[in-house]
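1. with the input below, show me the fold.
(chains A, B, C and D)
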Number of protein chains: 2
Amino acid sequence: MAVRLEKNPAVSKQALRRMPAYLLYLEALNPTTVVSISATTIANELGLNEVQVRKDLAAASLSGGRPRTGFKVKELIRDIKSYLGYDDVYNAVIIGTGKLGQALLSYQGFAEYGLDIVAAFDTNPELIGQQFNRKPVYPPEKMPEICRSLKIQIGIITVPAEYAQDACDHLTESGIQAIWNFAPVLLTAPPEIIVQNENMAISLAILSQHLSVKLKKQH
Amino acid sequence: MAVRLEKNPAVSKQALRRMPAYLLYLEALNPTTVVSISATTIANELGLNEVQVRKDLAAASLSGGRPRTGFKVKELIRDIKSYLGYDDVYNAVIIGTGKLGQALLSYQGFAEYGLDIVAAFDTNPELIGQQFNRKPVYPPEKMPEICRSLKIQIGIITVPAEYAQDACDHLTESGIQAIWNFAPVLLTAPPEIIVQNENMAISLAILSQHLSVKLKKQH
DNA sequence: TTATAATCAGTAAATTAATATCGATATTTA
DNA sequence: TAAATATCGATATTAATTTACTGATTATAA
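-> The predicted model follows:
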């Protein structure tokens, strides 16, 4: 029998970044025709090294794969989701209901990731009282009260850059645990607060630098 | 004299990811009071290792820093921008004018990064002919013609997941060079096309996993 | 039933990235 | 003007990550 000695080996930050790609790939498979899949196949499809994929999967998978057939697709999806914490449901609020805030409020896909956006905050009187995707917009003063009563863990910042630190401070005072920051600002927060920056500039920097190198080559 | 032997040493992908943070930090400084800054200071402020910062800056900076004072802030900003290709202006189009597409069309900050979004495409007849932030929305059929005549290099995909591959194919046929993909899908594109995924799921995965670990500790 | 081949898990080696150290140099201070 | 010190660039070391290798295991086919 294939015994897995290390149950859930330490996983690198890089591996954590690859997990969502595995999920996307696995979920795109037809579950009726593809029951099992090997690390080799996934690696080839995603352009990764097969040992790397096998190690990543070993970290997330509870039951492991079996020689010759690979991993059960359904189990693997479930295990990766559980590994990433998508099973636990977190309540979130959005600060700033501009276009981006509205886009996030309207996006149906977050349920997949265990993220439940339950309310939004905005200073604009015209937006306060409105709903987006059946989620109400409140004035910022209500933040502490609402966050505590609704047991909000995550605050999503989608305000313009100049108001982002304010939003961060408000959220911190309202007792949230983590911040997902879409504003192009470096936030200052207490160390116990998890801050994850969704920095489109990073993505754009990588794209731009590649493109710059590519276009220079063409001359 | 402090001679820099290696002019622009090879930089890692990780370093490239840190560059936008340096820019954010440097641009937040008051240019009248802070003329020069040391790698040490930046490292402390951003919570990074000082040698790492010095190496990163050495890769981007043309003139280098000088002992005791550090780097000239204005020069450094200029050099990093140039290094990231923000000097070159790239023309882009947006495919999909839902909330996210509209948010990107309306965002004024892309000019900073040398990104000029000049038009959008959507299948929705109600949106075709409209403008967002003075940028017109065209039907997809016009993509090849418009992309070629306006010399579009970058296509930004903001359609729902199920249409993303179609959008990608259209863009490829329209002669663009790079794709910035916001849809949660793994795109298949010719190898010469640069594909950069803006995968919010990665960010969310990291946040979620941290939070999961954090909340478990509290018990 | 036995041989073959694909795949896994685990360990070792190689590569890449991060951090520590060192001599040189420019500014500040005595 | 000389000594002290902060900072740089470069090299050396350590740590993390990726890739290669090996033996075990299971399905398939002879």
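2. what residues does chain A put near DNA strand D?
-> Of all the residues in chain A, those in contact range of DNA strand D (CB under 7 Å from any atom of the strand) are A:1-3, A:12-15, A:48-49, A:51-52, A:55, A:66-69. Backbone N, C-alpha and C define where each C-beta goes, glycine included.
3. inside strands: which ones of those residues?
-> Among those, DSSP state E puts none in strands.
4. who wins for neighbours among the residues you listed?
-> Of all the residues of chain A next to DNA strand D, the most densely surrounded is A:A15 (18 neighbours; neighbours counted as other CB atoms under 10 Å in any protein chain shown).
5. identify the residue spatially nearest to it, adjacent ones excluded.
-> What sits nearest to A:A15 in space, not counting adjacent residues and going by CB to CB, 6 or more residues apart in numbering or on different chains, is A:D56, at 4.7 Å.
6. wait, the one you found sits on A:Q14?
-> No: with contact defined as CB atoms under 8 Å, A:D56 does not reach A:Q14; the gap is 9.1 Å.
7. report the central residue of chain A.
-> A:Y113 (7.1 Å; CA atoms, centre = their mean).
8. what residues are up against it?
-> By CB atoms under 8 Å, 6 or more residues apart in numbering or on different chains, the contact list for A:Y113 reads A:84, A:86, B:201, B:204-205, B:208.
9. with respect to DNA strand D, which of those residues is nearest?
-> For DNA strand D, the closest of those turns out to be B:A205, at 14.8 Å, with distances computed as CB to the nearest atom of the strand.
10. could you chop chain A up by domain?
-> Chain A breaks down into these structural domains: A:13-83, A:90-202 (assignment by automatic domain parsing).
11. got a list of what A:T69 touches?
-> Residues in contact with A:T69 (CB under 8 Å, 6+ apart) are A:36, A:38.
12. let's see it at 10 Å
-> When contacts are counted by CB atoms under 10 Å, 6 or more residues apart in numbering or on different chains, A:T69 touches A:35-38.
13. repeat that for A:L57.
-> A:L57 makes contacts with A:15, A:18-19, A:22, A:37-39, A:42, A:64-65, A:70-71, A:76, A:79-80, as judged by CB under 10 Å, 6+ apart.
14. in the longest helix anywhere in chain A, what counts as buried?
-> Longest helix in chain A by number of residues (criterion: DSSP state H): helix A:200-217. For helix A:200-217, burial by neighbour count (16 or more other CB atoms under 10 Å in any protein chain shown) applies to A:200-212, A:214.
15. stretch A:164-178 now?
-> A:164-165, A:167-168, A:170-172, A:174, A:176-178.
16. what does stretch A:181-192 give?
-> For stretch A:181-192, the neighbour count (16+ other CB under 10 Å) marks A:181-187, A:189 as buried.
17. quick one: A:L57 is in a strand?
-> No: with DSSP: H, G, I helix; E, B strand; the rest coil as the criterion, A:L57 is located in helix rather than a strand.
18. isn't A:D88 right up against B:S212?
-> Yes: here A:D88 reaches B:S212: they are 5.8 Å apart, a contact under CB atoms under 10 Å.
19. now do the shared contacts for those two.
-> By the contact definition CB under 10 Å, 6+ apart, A:D88 and B:S212 are jointly contacted by A:82, A:114.
20. chain A: strands as residue ranges?
-> With DSSP E, the ranges of strands along chain A come out as A:36-37, A:71-72, A:90-95, A:115-121, A:131-132, A:135-138, A:154-157, A:178-181, A:194-197.
21. with the buried residues of stretch A:164-178 in mind, which one is nearest to DNA strand D?
-> If you rank the buried residues of stretch A:164-178 by distance to DNA strand D using CB to the nearest atom of the strand, A:A178 comes first, at 20.8 Å.
22. show the buried residues in the contacts of A:T69.
-> With neighbours counted using 16+ other CB under 10 Å, those contain these buried positions: A:36-38.
23. just put those residues in JSON lines and tack on distance to B:M143 and pLDDT.
-> Compiled in JSON lines, the buried ones among the contacts of A:T69 are given as follows (distance: CB to CB, whole Å; pLDDT from 0 to 100):
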{"residue": "A:S36", "distance to B:M143": "40", "pLDDT": "97"}
{"residue": "A:I37", "distance to B:M143": "35", "pLDDT": "98"}
{"residue": "A:S38", "distance to B:M143": "38", "pLDDT": "98"}
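24. no further questions, thank you.
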